[in-house]
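Visitor: Next comes the sequence, and after it the predicted model I'd like to discuss.
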Amino acid sequence: MGGKFKIVIFGDEMSGKKALSKVSMRKSTQSVETYQSTIGVEYVKKILDLGRGTTHKISNKNENDVTLQIWCAGGQERYRNIVSPYAKGTAAFIIAVDLTSEKSIEGAVKPWMDMVTQKYPDKSSRPPIILVGTKSDSLEVKSEKIQALQAYAQTNNYPCYITSSQTNTCVDVSTNQTGKVDHFADHDSTEDASTNEVGTEDTLFMKVARICVAKNKQQDKEEAKAEAKAITYQELYDLANNYLNSWGNKSVHSRALADFILRLTSGKTLQHSLQATNSSNSI
């Protein structure tokens, strides 16, 4: 179940990206508003135990440990050439949307979505994209803005969460359940000094970790299927060659079998091999 996953957080300047990624490092007296704009990229690591629903400040090397390597990218346009390369090798993207901004949802998401699709043009192999509405605690947030983000996420089939790093809340749009942004900022949690673990609810980053693990399992299954398919085709190829050789390539049935396998596999190697066989054995 465990593994390491690279997460990149994109979003406009002052959209709450750093507060999302660093809320676990925040002191109780430090206000979210004190954060400065990110220059280039910044890095944070979180180690989560999905089996026990806990987090570590250091890795206990549990088989259920999932390490999230979180890169927070600067939102200013002048940094986009710098942050774009960080999209490579990413397990999941978080696009932070400032719910207090006057910019439309599509306007806030599109530049970053374009960056992702440019790096991963094939939708089937594209990492998961997660939309996160930020600053939901602000009095400036209008319900229409949240509804617009939810509608956009539903239309495009993206996971969506409405969060406040200030109040440490995270609402899962799909279930309407409230969790936390990250449990380290929850000062009511009990920490076990012997294991260096903190109990947690289903936080935003726990959800992100589960999405990454699920995607990884799906890719493993697809690769296993492809490998099994390749083995089956190889066996058919060997069978066809043996059959052709045993009949000297003069049997109507053997030619029909060869034609069937060619259509089934459409493999260049197989085609070339059978063509070579046909040219060397005249009917």
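Guide: Arrived safely.
Visitor: domain assignment for the protein?
Guide: For the chain, whose domains are defined here by automatic domain parsing, the residue ranges read 3-222, 223-280.
Visitor: mean pLDDT lowest for which of those domains?
Guide: Taking each of the domains of the chain in turn, the one with the lowest mean pLDDT is domain 223-280, at a mean of 62.
Visitor: now the helices for the stretch 1-150 of the chain?
Guide: Per DSSP state H, counting those that start in this stretch, the stretch 1-150 of the chain has helices spanning 17-22, 80-83, 105-119, 143-156. These are given in chain order.
Visitor: what about the closest residue in space to residue 84 that isn't next to it in sequence, how many neighbours?
Guide: Take residue 84 and drop its neighbours on the chain: the residue closest to it by Cβ to Cβ, 6 or more residues apart in numbering is residue 115, 5.8 Å away. For glycine as for every other residue, the C-beta is placed from the backbone atoms N, C-alpha and C. With neighbours defined by other Cβ atoms under 10 Å, the count for residue 115 comes to 20.
Visitor: Quick check: residue 115 touching residue 73?
Guide: No - with contact defined as Cβ atoms under 8 Å, residue 115 does not reach residue 73; the gap is 9.3 Å.
Visitor: Could you measure from residue 151 over to residue 102?
Guide: To residue 102, residue 151 is 18 Å away according to Cβ to Cβ, to the nearest Å.
Visitor: Counting neighbours around each, name which of these two comes out higher.
Guide: Taking other Cβ under 10 Å, residue 151 and residue 102 do not tie; residue 151 has more neighbours (12 against 9).
Visitor: returning to that earlier point: shared neighbours, residue 115 and residue 73?
Guide: residue 10 (Cβ atoms under 8 Å, 6 or more residues apart in numbering).
Visitor: Am I right that residue 10 is in contact with residue 110?
Guide: No - assessed by Cβ under 8 Å, residue 10 is found out of contact with residue 110, at 11.2 Å.
Visitor: the more surrounded of these two?
Guide: Just comparing residue 10 and residue 110: by other Cβ under 10 Å the higher neighbour count belongs to residue 10, 27 against 12.
Visitor: which non-adjacent residue is nearest that one?
Guide: For residue 10, ignoring the flanking residues on the chain, the nearest one in space by Cβ to Cβ, 6+ apart is residue 112 at 3.9 Å.
Visitor: Distance check, that neighbour against residue 176.
Guide: Going from residue 112 to residue 176 by Cβ to Cβ gives 26 Å.
Visitor: the more surrounded of those two?
Guide: Each of residue 112 and residue 176 had its neighbours counted (other Cβ under 10 Å), and the higher figure belongs to residue 112 (26 against 8).
Visitor: So the more buried one sits against residue 15, correct?
Guide: No - in this structure, residue 112 is not within contact of residue 15 by Cβ under 8 Å, at 9.9 Å.
Visitor: dump the residue contacts of the residue nearest to residue 10.
Guide: By Cβ under 8 Å, 6+ apart, the contact set of residue 112 is 10, 11, 93, 95.
Visitor: All the strands of the chain, in order from the start?
Guide: 3-11, 41-49, 54-56, 65-73, 92-98, 129-134, 160-164, 169-172, 177-179, 191-192, 197-199 (DSSP state E).
Visitor: Switch the ones you listed over to JSON lines; also include distance to residue 241.
Guide: Supplementary listing: the strands of the chain in JSON lines, determined by distance: least, Cβ to Cβ, whole Å:
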{"stretch": "strand 3-11", "distance to residue 241": "41"}
{"stretch": "strand 41-49", "distance to residue 241": "52"}
{"stretch": "strand 54-56", "distance to residue 241": "56"}
{"stretch": "strand 65-73", "distance to residue 241": "47"}
{"stretch": "strand 92-98", "distance to residue 241": "45"}
{"stretch": "strand 129-134", "distance to residue 241": "46"}
{"stretch": "strand 160-164", "distance to residue 241": "54"}
{"stretch": "strand 169-172", "distance to residue 241": "55"}
{"stretch": "strand 177-179", "distance to residue 241": "58"}
{"stretch": "strand 191-192", "distance to residue 241": "63"}
{"stretch": "strand 197-199", "distance to residue 241": "59"}
